[in-house]
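In: Sequence first, then the predicted structure:
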Amino acid sequence: MSLPFSIKVYKQYFNFASSHFMIFENGTREPLHGHNYRVQVRGEAPSLEGDMVFDFLDIKPIVREVCDSLDHKLLIPKDNKHLKIYTDRKNYVIETPDESHFSIPQSDVLLLPILNTSAERIAVYICDEIRKKVTQKFGFAFNSFEVEVEETPGQSAVYLHRE
Ligand SMILES: Nc1nc2c(c(=O)[nH]1)N=C([C@H](O)[C@H](O)COP(=O)(O)OP(=O)(O)OP(=O)(O)O)CN2
């Protein structure tokens, strides 16, 4: 059931340009490619605190910070059972079952604690990061928090976290 109050924030700068490939259940993968991802968030509360659910001015830098951390990176799902990931000097080496061998400078890679880089799983990661930062910085928790990740225009995934 939806609560009476919510804030929704989607700014032009809630975006990240990243590369990825999905790994399928049988271990095959998509070709490496990139997206200009866009993010929208919505947080719900049962009542207002000082006339607001949560200040827009406080949530915006947090969402931006999380988006920026994904920007210009190769996103690798480190929990995927098909990937072998190790370090070689300053590189990460990522091997897939089709014997592809990616060797990329560590600074160009973000290892994410997710099973795959679907928009859905990226949305879960972003949601968790934003909620963590909101709690750390403001001691606040939304009753529910929703993140929409758009991979390409007209194609997005939505994750809803409820407390
Ligand atoms: N539910 C999901 N389905 C798919 C995801 C996803 O994250 N969640 N991701 C992909 C791929 O990563 C892929 O990059 C998207 O492929 P595609 O739809 O072909 O992208 P296009 O922009 O090229 O689509 P067109 O409509 O053909 O322009 C696949 N599925």
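Out: All right, it came through fine.

In: What parts of the chain come near the ligand?
Out: M22, E30, H33, S118, A119, E120, E151, T152, Q155, A157 (C-beta under 6 Å from any ligand atom). Heads up, the C-betas are built off the backbone N, CA and C, glycines and all.

In: most neighbours, which of those residues?
Out: Most neighbours among these, by other C-beta atoms under 10 Å: A119, with 20 neighbours.

In: quick one: which of the residues of the chain next to the ligand sit in helices?
Out: Secondary structure from DSSP state H places A119, E120 of the residues of the chain next to the ligand in helices.

In: Leaving out the residues flanking it, which one is nearest to A45?
Out: V53 (4.5 Å; C-beta to C-beta, 6 or more residues apart in numbering).

In: That neighbour: how many residues sit nearby?
Out: 23.

In: What distance do you get for it to K133?
Out: Distance, V53 to K133, by C-beta to C-beta, to the nearest Å: 17 Å.

In: what about the helices in the protein?
Out: Using DSSP H, helices in the chain cover 56-70, 119-138.

In: how about TSV for those helices, with mean pLDDT added?
Out: Formatted as TSV, those follow (pLDDT from 0 to 100):
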stretch	mean pLDDT
helix 56-70	98
helix 119-138	98
